[in-house]
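Undergrad: Starting from these lines, generate the structure:
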Amino acid sequence: MLAAVHSATLVGVDGQPVTVEVHVSSGLPAYHVVGLPDAAVRESRERVRAAVLSSDLTFPQSRITVNLAPGGVRKSGSGLELAVALGLLVANNELPAGALDGVAVLGELGLDGTVRPVPGTLALVDSLARFGTRSVIVPLANAAEASLVHDVVVRAARSLGELRACLKDEEAWPGWEPPDLTQLAGAPDGDEPVDLREVRGLAFARRALEVAAAGAHHLLFVGPPGTGKTMLARRLPTIVPPLPRGEALEVTRIHSAAGELVHGRLLTARPFRAPHHTASTVSLVGGGSGRPRPGEVTLAHRGTLFLDELGEFAPTALDALRQPLEERVVRITRQHASLAFPASFQLVACTNPCPCGLGPPACRCSELHRARYRRRLSAPFLDRFDLRVRVTAPEPCDTPGECSEAVAGRVAAAVARQAARYADWPWEHNAHVPAGVVDTLLALTADADATWRALTAERVLTGRGAARIRRVARTLADLDDATDTSPAHLESAALLRSDAP
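TA: As a prediction, the model looks like this:
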């Protein structure tokens, strides 16, 4: 007997439809899995056998061959086990031959027959929907997540025995609570409420944060410890607009594939990732042996990657960020696959000016120590920051500034202007405009062009640095609701890009 069940496996952060073919024939009892399975898939044999027997069903004492098609794609994880078990039931006449027509199946099996959740359900169901599937069976814990995909009928499974009864119309399908999409725009669980009004003084640094939020510019704060760099940077999420529906699904799918989705809910707040300075290169950019996993730059997609104590990160890890910062994608090549992880993130970082952190004139470091510290941040890496701002401690008489709500309103208006400007182009923010079309889309008046050229010569800017000043100036103009970029905007943009630490 031969049975075929549709399912899917994860390849990077995307789903790959898989057809699970189960063949039961006469001969000595045996169980073989073919089609490039990884160790987790090969180990599923004993879990499937125990789950079938624990559900008071018959496990065929015959020669069993399981083929995972297409054969050229490596299959990983345990999410194919429920499909294998149902294929065995169909091949062994425990289920009608047409019970699974047009239905895809996802789920891991426990030894007692329970159906356990699998990571990446949203990505898997989305790939099946694009493949033409209109009905899926998923673990009960993943049902709400799977329902985020439109035009797909989601059915939940709690155990293999109950699922068999439901497929034979002997029992009703288990109910589940769909996610309330109107209640998902708040801060993630456990996040402490913060607001910009808690920051005293630092007017110039606050302005830089507002510009960074409005144009998605990379931002570096340099200053002694205790001046408020980290405090200010951690309030960036309070002034950026929420994710649109399409981007929210994209971000949720990535976090689902990484196994970091909480309660299967739609993520509407932009990600804010803050890895420790001991993070390795692989943990930052992704990869690893076996199944390559997304790194922090991918988990920060459509949001912010915050690197505190930038000078303490490994130089090799920081230099590995240079290509993703430019291309907004991470390309990973392995023996069996070449993957592209999305990485359109905003980099915000804080660092001390020297090892002691005090900076001139109070610095107690030797010139050798200062030179060694500066070498940890390469010039090509620093050149990719649009905004480089020196932060000094606020004065005791400084008062709180504007609240996040007021700043967020100006940022939202500037973002809307950029969205209208780039409606016919494949980017949304000023920071993403390629250098090749800067002259076309960010054209300058004669006076502004003369100012820009003078600033470029005066500050000995690279081509990348000169283009970044124009992008930042355009964001300043958007915040001022100005049609043209003025010389004053260009001069302000140059001031927001101080010399390297």
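
Undergrad: Now E491: closest residue in space that isn't a chain neighbour?
TA: T451 (6.7 Å; C-beta to C-beta, 6 or more residues apart in numbering). Just so you know, the C-beta spots here come from the backbone N, C-alpha and C atoms, and that holds for glycine as well.

Undergrad: For that neighbour, give me its contacts.
TA: T451 makes contact with P487, L490, E491 under the criterion C-beta atoms under 8 Å, 6 or more residues apart in numbering.

Undergrad: Name the residues of stretch 137-157 that come out as buried.
TA: 137-149, 152, 154-157 (16 or more other C-beta atoms under 10 Å).

Undergrad: one step back: of the contacts of T451 - the most surrounded one?
TA: Using other C-beta atoms under 10 Å as the neighbour test, those are led by L490, with 28 neighbours.

Undergrad: Per-residue pLDDT of that residue, please?
TA: Predicted confidence (pLDDT) for L490: 95.

Undergrad: mind checking how far the spatially closest residue to it that is not a sequence neighbour is from A443?
TA: Once flanking residues are discounted, L490 sits nearest to A473: 4.6 Å by C-beta to C-beta, 6+ apart. According to C-beta to C-beta, to the nearest Å, A473 stands 12 Å off from A443.

Undergrad: Settle it for me: which of the two has more neighbours?
TA: More crowded of A473 and A443, by other C-beta under 10 Å: A473, with 30 against 13.

Undergrad: Cross-check the contact I'm expecting between that one and D484.
TA: No - contact criterion C-beta atoms under 8 Å: A473 and D484 do not qualify, at 10.3 Å.

Undergrad: shared neighbours, the two?
TA: A448.

Undergrad: Quickly note the distance from the residue nearest to L490 to L202.
TA: For A473 relative to L202 (C-beta to C-beta), the value is 22 Å.

Undergrad: now the strands: where do they sit in the stretch 1-150 of the chain?
TA: 2-11, 14-25, 30-34, 63-69, 104-105, 108-109, 115-116, 135-139 (DSSP state E, counting those that start in this stretch).

Undergrad: And the third one, what's buried?
TA: Right, strand 30-34. Counting neighbours by 16+ other C-beta under 10 Å, strand 30-34 gives Y31, V33 as buried.

Undergrad: Run me through the strand neighbours of it, direction for each.
TA: Here strand 30-34 is paired, per DSSP bridges, with strand 63-69 (parallel).

Undergrad: Same question for the longest one.
TA: Strand 14-25 sits in its sheet next to strand 2-11 (antiparallel), strand 63-69 (antiparallel), going by DSSP bridges.

Undergrad: P193 is nearest to which of those strands?
TA: The closest of the strands paired with strand 14-25 to P193 is strand 2-11. By C-beta to C-beta, the value is 34.8 Å.

Undergrad: coming back round to it: name the nearest of the contacts of T451 relative to A39.
TA: Checking the contacts of T451 against A39 by C-beta to C-beta gives L490 as the nearest, at 57.8 Å.

Undergrad: Figure out how far the helix or strand the closest one falls within is from the centre of its chain.
TA: Taking DSSP states H and E as the criterion, L490 maps to helix 487-495. In terms of C-alpha atoms, centre = their mean, to the nearest Å, the centre of helix 487-495 is set 33 Å apart from its chain centre.

Undergrad: who does that helix touch, helix- and strand-wise?
TA: Counting contacts by 3 or more C-beta pairs under 8 Å, 6 or more residues apart in numbering; DSSP states H and E, helix 487-495 packs against helix 446-458, helix 463-479.

Undergrad: which outside residues touch the longest one?
TA: Same thing as helix 463-479. 210-211, 214-215, 217, 383-384, 386-387, 410-411, 413-414, 417-418, 430-431, 433, 435, 438, 442, 444, 448, 452, 455-456, 459, 461, 483-486, 489-490, 492-494, 496-497.

Undergrad: distance of R322 from S378?
TA: In terms of C-beta to C-beta, R322 sits 8 Å off from S378.

Undergrad: Please disregard the earlier target; I meant N93.
TA: In terms of C-beta to C-beta, N93 sits 66 Å off from S378.

Undergrad: And A85, how far from G35?
TA: 17 Å.

Undergrad: so what's the residue most central in space within the chain scoring on pLDDT?
TA: Centroid check for the chain by C-alpha atoms, centre = their mean gives L299 as the closest residue, at 2.8 Å. pLDDT recorded at L299 is 96.

Undergrad: Quick check: beta-bridge partners of the nearest residue to it once chain neighbours are set aside?
TA: Nearest non-adjacent residue to L299, counting by C-beta to C-beta, 6+ apart: R273, 5.4 Å away. Following DSSP bridges, R273 is listed with bridge partners L305.

Undergrad: isn't R273 right up against R302?
TA: No - R273 is beyond contact range of R302, at 11.4 Å (criterion: C-beta under 8 Å).

Undergrad: tell me the angle the strand or helix carrying L249 makes with strand 14-25.
TA: Assigned by DSSP H and E, L249 belongs to helix 245-257. Angle of helix 245-257 versus strand 14-25, following axes from the mean of the first three to the mean of the last three C-alpha atoms, to 10 degrees, is 50 degrees.

Undergrad: tell me what helix 245-257 is packed against?
TA: Packed next to helix 245-257, using 3+ C-beta pairs under 8 Å, 6+ apart, are helix 121-131, helix 296-299.

Undergrad: Distance to I64 added to the ones you listed, as a markdown table?
TA: A markdown table is the format used below for these (distance: least, C-beta to C-beta, whole Å):
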| stretch | distance to I64 |
| --- | --- |
| helix 121-131 | 25 |
| helix 296-299 | 38 |
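
Undergrad: Quick one: closest of those helices to E309.
TA: E309 lies closest to helix 296-299 among these, at 15.0 Å (C-beta to C-beta).

Undergrad: residues in contact with that closest one?
TA: Contacts of helix 296-299 (C-beta under 8 Å, 6+ apart): 13, 254-255, 258, 260, 271, 273, 275, 279, 283-286, 305, 321, 324, 330, 341-343, 345.
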